[in-house]
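> only geometry, no sequence info:
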């Protein structure tokens with residue numbers, strides 16, 4: 001596994017002399033002692049606006065990867081052909097820990113040709129494993145809520161229970177819910193009464209089995225994300241009852 005190299009930015013000679021003299025005036029140290037202290041303490045480079053805040057890269061044991069990523073090795077291998085350990089090795093080798101979320105996702109998609117949904121899952125899982133974000137947190141500091149569930153119906157039927165307004169009311173009876181965009185039977189975006197957007201994806205597991213996965217982003221804190229997670233768990237329970245009727 002390729003780990004980040006610890007680097008130290010050395011000041012240029014002109015800057016070095018200036019910093020040494022400033023320290024000598026402040027501390028009364030001799031030139032040699034002041035110079036040694038200046039070289040020991042690297043300067044922090046200025047972060048450009050829009051780039052991710054510096055993060056402490058973590059190196060957990062491979063057996064911990066699945067739990068940290070929030071997705072089992074079996075599922076990831078089935079959908080992408082690689083376990084988390086292989087993904088981490090490959091992405092570390094490409095120094096993905098130095099990239100933004102968008103850049104990591106682009107790397108995963110272009111180099112390994114993963115499906116769009118799984119490109120995001122691999123990217124987020126890798127970021128969690130490397131300590132670039134916590135569970136539910138985005139690289140910009142906001143939080144995301146996600147839920148998924150598998151039902152004993154075909155994907156077209158499951159999709160219609162979300163896309164068709166009358167069928168949706170059987171389990172999500174809230175005024176003001178609108179479908180913003182839809183690609184049958186793969187995905188849609190719901191606008192909730194408060195204006196929030198929920199992205200919903202559907203996948204077939206066979207003739208009479210399918211999964212729905214939903215996500216709501218740009219949440220202000222973990223508490224809001226957890227509250228919405230519980231709320232959507234209840235809604236999916238109601239959907240399960242509607243499917244069985």
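Received the coordinates, thanks. The model shown is predicted, which means the values in this text are computed figures rather than measured ones.
> If you count neighbours, what's buried in stretch 65-81?
Going by neighbour count (16 or more other CB atoms under 10 Å), the buried part of stretch 65-81 is 65-66, 68-69, 71, 73, 76, 79-80. Quick note: C-beta positions are derived from backbone N, CA and C, even for glycine.
> And the furthest pair within these?
Using CB to CB, the two most remote members of the buried residues of stretch 65-81 are 68 and 79, lying 18.1 Å apart.
> Tell me where the model's unsure across the protein.
Applying pLDDT under 70 to the chain flags the ranges 1-16, 18, 25-29, 33-56, 135-136, 138-141.
> Helices of that one, start to end?
13-27, 31-40, 65-69, 73-80, 84-93, 101-112, 116-129, 155-163, 165-168, 222-244 (DSSP state H).
> Now do the closest residue to residue 241 other than its chain neighbours against residue 151, distance only.
Using CB to CB, 6 or more residues apart in numbering and skipping the chain neighbours, the partner closest in space to residue 241 is residue 171 (7.0 Å). Note on residue 171: its distance to residue 151, by CB to CB, to the nearest Å, is 11 Å.
> which residues do these two both contact?
By the contact definition CB atoms under 8 Å, 6 or more residues apart in numbering, residue 171 and residue 151 are jointly contacted by residue 239.
> Which one's more surrounded, these two?
Legend: neighbour count by other CB atoms under 10 Å for residue 171 and residue 151, higher for residue 151 (21 against 18).
> what residues are up against that one?
By CB under 8 Å, 6+ apart, the neighbours of residue 151 are 158, 209-212, 239-240, 243.
> likewise residue 120?
Taking CB under 8 Å, 6+ apart, we find residue 120 in contact with residue 105.
> Counting neighbours, what do you get for residue 175?
Residue 175 has 6 nearby residues by other CB under 10 Å.
> residues contacting it?
Here residue 175 is in contact with residue 193 (CB under 8 Å, 6+ apart).
> quick one: it from residue 86, how far?
Taking CB to CB, one finds residue 175 at 48 Å from residue 86.
> Taking the chain centroid, which residue in the chain is the extreme one?
residue 30 (50.1 Å; CA atoms, centre = their mean).
> ok, for that residue, nearest residue in space, not its chain neighbours?
That would be residue 24: by CB to CB, 6+ apart, it lies 7.6 Å from residue 30.
> how close does the spatially most central residue of the chain sit to residue 88?
Centroid-nearest residue in the chain, with CA atoms, centre = their mean: residue 124, separated by 3.1 Å. Between residue 124 and residue 88 the computed distance is 13 Å (CB to CB).
> So what's the residue count around residue 164?
Residues near residue 164, counting by other CB under 10 Å: 12.
> go on, the one 10 residues further on?
By the other CB under 10 Å criterion, the neighbourhood of residue 174 contains 10 residues.
> right, and it touches residue 193 too?
Yes. Using CB atoms under 8 Å, residue 174 is in contact with residue 193, at 6.0 Å.
> Domain parsing of the protein, as residue ranges.
9-38, 62-129, 143-244 (automatic domain parsing).
> Deepest-packed of the ones you listed, please.
Per-residue neighbour counts averaged over each of the domains of the chain give the maximum for domain 62-129, namely a mean of 17 (mean count of other CB atoms under 10 Å).
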